[in-house]
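**Student:** can't give you the sequence, but here's the structure:
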């Protein structure tokens with residue numbers, strides 16, 4: 001199945017218009033993910049059409065809410081949402097962090113093959129990560145619940161930074177457990193072809 005027209009149509013409906021090279025790179029990333037997935041089982045989804053909606057488009061749904069960076073993607077796994085965002089935004093410095101060696105190996109290879117000069121891959125646990133400077137935004141797609149996400153990453157957030165948590169159903173119970181943090185925006189996300197609730201929870205320290 002040719003995914004290119006589906007990708008173009010879906011991105012247009014999301015208000016995103018990547019150039020031809022970026023569109024090709026997004027599809028190349030999906031191809032790499034599918035290839036590595038057969039051996040290393042990086043994600044639970046293997047069908048290209050579902051990978052397009054559940055991984056690529058789901059990741060890019062938050063693109064309008066990404067600032068000038070730098071951005072840290074915690075528990076990035078196969079590079080989601082960090083790699084699609086880095087492809088869409090060559091100006092954005094993206095750091096991908098994961099505790100899995102094989103997933104970091106894939107992300108590093110993807111960054112090399114896709115020529116993503118704006119991507120850095122870090123193998124390790126975020127609680128022991130000590131970057132030279134804090135991040136303007138820290139994003140998490142499937143890392144942990146909100147209180148744990150905030151607790152483990154607070155030391156790497158810049159002074160005026162914010163957390164971006166990608167969630168399904170609105171996480172009322174998790175938000176009620178937050179301490180020293182406030183939700184500044186709750187953004188319902190529309191992902192073409194994905195029939196499920198998606199929310200972006202934006203938080204800042206109090």
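**Tutor:** Sure thing, it's come through. Quick caveat, the model's predicted, so the values are computed rather than measured.
**Student:** any chance you could map the strands in the chain?
**Tutor:** 71-74, 94-98, 119-123, 135-140, 157-167, 181-188, 199-205 (DSSP state E).
**Student:** could you give me the average pLDDT of the shortest one?
**Tutor:** The one in question is strand 71-74. Average pLDDT, strand 71-74: 98.
**Student:** Partner strands of it, with direction?
**Tutor:** strand 94-98 (parallel), strand 135-140 (parallel) (DSSP bridges).
**Student:** what's the answer for the last one, then?
**Tutor:** According to DSSP bridges, strand 199-205 has the following sheet partners: strand 157-167 (antiparallel), strand 181-188 (antiparallel).
**Student:** Would you mark the buried spots in the shortest one?
**Tutor:** Buried residues in strand 181-188, counted by 16 or more other C-beta atoms under 10 Å: residue 181. Where C-beta positions appear, they are placed from N, C-alpha and C, glycine not excepted.
**Student:** measure the one residue sitting closest to the centre of the chain to residue 159 for me?
**Tutor:** Nearest to the geometric centre of the chain sits residue 81, at 1.8 Å (C-alpha atoms, centre = their mean). Distance, residue 81 to residue 159, using C-beta to C-beta, to the nearest Å: 24 Å.
**Student:** So in the chain, which helix runs the longest?
**Tutor:** helix 20-40 (DSSP state H).
**Student:** That helix - contacts with which helices or strands?
**Tutor:** Counting by 3 or more C-beta pairs under 8 Å, 6 or more residues apart in numbering; DSSP states H and E, the packing neighbours recorded for helix 20-40 are helix 4-13, helix 48-51, helix 82-88, helix 101-113.
**Student:** could you dump those helices to JSON lines with distance to residue 28 and mean neighbour count?
**Tutor:** Formatted as JSON lines, those follow (distance: least, C-beta to C-beta, whole Å; neighbours: other C-beta atoms under 10 Å):
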{"stretch": "helix 4-13", "distance to residue 28": "11", "mean neighbour count": "15"}
{"stretch": "helix 48-51", "distance to residue 28": "13", "mean neighbour count": "16"}
{"stretch": "helix 82-88", "distance to residue 28": "9", "mean neighbour count": "27"}
{"stretch": "helix 101-113", "distance to residue 28": "7", "mean neighbour count": "18"}
